[in-house]
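# Pasting a predicted model and its sequence here:
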Amino acid sequence: MGAESEVSFSNDLDGTSVRVGIIRTRWNDKDVTRLVAGARTALSECKVLDANVFETEVPGSFELPYAAKLLALSGTVDAIICAGVLVKGDTMHFEYISDAVSKGIMNVGINTNVPIVFGVLTCLTDDQVKARSTGDSNHGYDWGKTAVEMALLKNQAMGVGMNKATGMGFGETQPVKDATDTDTPSTDEKKRVGF
Ligand code: DLZ
């Protein structure tokens, strides 16, 4: 796990059947390359196959939401990592782009049902970028784990890999009951609440 990271991930994240798209910027190329490498390390730790990782690039962070929408609509990936680095300059550019990109990426996820990881560093200085993209504090690593966790969550919620005829909603497949079935619920059924 990266230093500075407040989040932990299960060691059991199994990405063997997960397909991940990475969309990265050419702006701040070296930093973004390190972040993507961190994400790829996490993906391979989760057993995501190289063949199941699609990587493409756009000029800058402002282009990320549009490219993410196209990739999400292609139906070829279970999660997308948008990777970029925004550094504050002398003008209001940083504020406008950061706001537009974060909202744009959120909207793509909500509207396409494909989880999109907000892998955009929004930093005030180059030192802040370095501190978040190198060594044990490479945030890209967390983004890779987040992509697998959210892809699995989506697939579970959508019933991917389950028998739709006998299952409903999130979670494990349950046998369908008809109106005449008055059996007491099994222990497993009683345990299941929400996700
Ligand atoms: C123009 C610009 C500037 C000044 N700074 C950054 C940055 O720090 N990080 C980044 O990813 N992109 C930057 N861009 C480019 C914009 O994101 C975008 O590519 C252009 O405005 C063209 O739409």
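Done, it's in. If you're wondering where the values come from, they're calculated on a predicted model, not measured in any experiment.
# list the contacts for the closest residue to K69 other than its chain neighbours?
Nearest in space to K69, with sequence neighbours left out and distances taken as Cβ to Cβ, 6 or more residues apart in numbering, is V108 at 4.8 Å. The way it works is simple: take the backbone N, C-alpha and C, and place the C-beta from them, glycine included. For V108, the contacting residues are P65, A68, K69, A72, I80, V114, I116, by Cβ atoms under 8 Å, 6 or more residues apart in numbering.
# any idea which residue sits dead centre in the protein?
Residue closest to the mean C-alpha point of the chain, counted by Cα atoms, centre = their mean, is A147 at 2.8 Å.
# Can you give me the pLDDT of that one?
Per-residue confidence at A147 stands at 98 (pLDDT).
# can you count the residues close to the closest residue to it other than its chain neighbours?
Leaving aside its sequence neighbours, A147 sits nearest to A79 (Cβ to Cβ, 6+ apart; 4.2 Å). Burial measure for A79: 28 neighbouring residues, criterion other Cβ atoms under 10 Å.
# what kind of secondary structure is G21 in?
On the three-state scheme (DSSP: H, G, I helix; E, B strand; the rest coil), G21 is labelled strand.
# wait, it sits on C82?
No. Proximity of G21 to C82 does not meet the contact threshold set by Cβ atoms under 8 Å, at 9.1 Å.
# Distance check, L86 against D126.
Between L86 and D126 the distance, using Cβ to Cβ, to the nearest Å, works out to 12 Å.
# lowest average confidence, helix or strand, in this protein?
Using mean pLDDT, DSSP states H and E, helix 187-191 stands out as the lowest-scoring helix or strand of the chain, at a mean of 52.
# Next one: stretch 47-66, is it in contact with the ligand?
Yes. Judged by Cβ under 6 Å from any ligand atom, stretch 47-66 comes into contact with the ligand through P59, G60, S61, F62, E63.
# Can you name the residues that contact the first one?
If you count contacts by Cβ under 8 Å, 6+ apart, P59 has them with T25, R26, W27.
# What does it show for phi and psi?
Dihedral pair for P59: phi -60, psi -60, per degrees, to the nearest 10.
# Which strand or helix spans the residue nearest to the centre of the chain?
Following DSSP states H and E, the helix or strand that holds A147 is helix 139-157.
# cool, F118 as well?
Secondary structure here is read from DSSP H and E; on that basis F118 sits in strand 116-123.
# Sounds good, over and out.
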